[in-house]
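Participant: With the sequence up front, the predicted model follows.
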Amino acid sequence: MASRRNLKKHVNYISEVTIGMCFIEGMNADAAKREVIAELVEKAMNLRADIISRISHTEPGNVKGFYKKLRSDFNTQIEEIFNKLNEK
């Protein structure tokens, strides 16, 4: 299992890439699409903060299950952001 420090770095990197993609898409979008993209950026930032705080406060007992759930939650929500970003 990766250390918490490395896991936090990976979460930060993926969040930054997601937000960067939102900004790139927002440059060429109309006003209505920009509002949706702004909401996606906010969602990505909130997701990052939530995942980092969950990593910092690992549940005792079922650590393996905790990190599996954390990973699946993070992947699901990032995929949701990218799917909404790709909708036109």
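Facilitator: Noted; the coordinates are in hand.

Participant: packing partners for the host helix or strand of Asn12?
Facilitator: Assigned by DSSP states H and E, Asn12 belongs to helix 4-27. Helix 4-27 is packed against helix 31-56, helix 63-86, with contacts defined by 3 or more C-beta pairs under 8 Å, 6 or more residues apart in numbering; DSSP states H and E. For every residue, glycine as well, the C-beta is placed using N, CA and C.

Participant: Go through the ones you listed and name the closest to Arg5.
Facilitator: helix 31-56 (9.4 Å; C-beta to C-beta).

Participant: If you count neighbours, what's buried in the closest one?
Facilitator: 36-37, 40-41, 43-44, 47-48, 51, 54-55 (16 or more other C-beta atoms under 10 Å).

Participant: Mind picking the two most distant members of the residues you listed?
Facilitator: Across these (C-beta to C-beta), the longest gap, 28.7 Å, separates Val36 and Ile55.

Participant: Pro60 in helix, strand or coil?
Facilitator: coil (DSSP: H, G, I helix; E, B strand; the rest coil).

Participant: And it, how far from Phe66?
Facilitator: Note on Pro60: its distance to Phe66, by C-beta to C-beta, to the nearest Å, is 9 Å.

Participant: Tell me which of these two has more neighbours.
Facilitator: When Pro60 and Phe66 are compared on other C-beta atoms under 10 Å, the one with more neighbours turns out to be Phe66, at 16 against 6.
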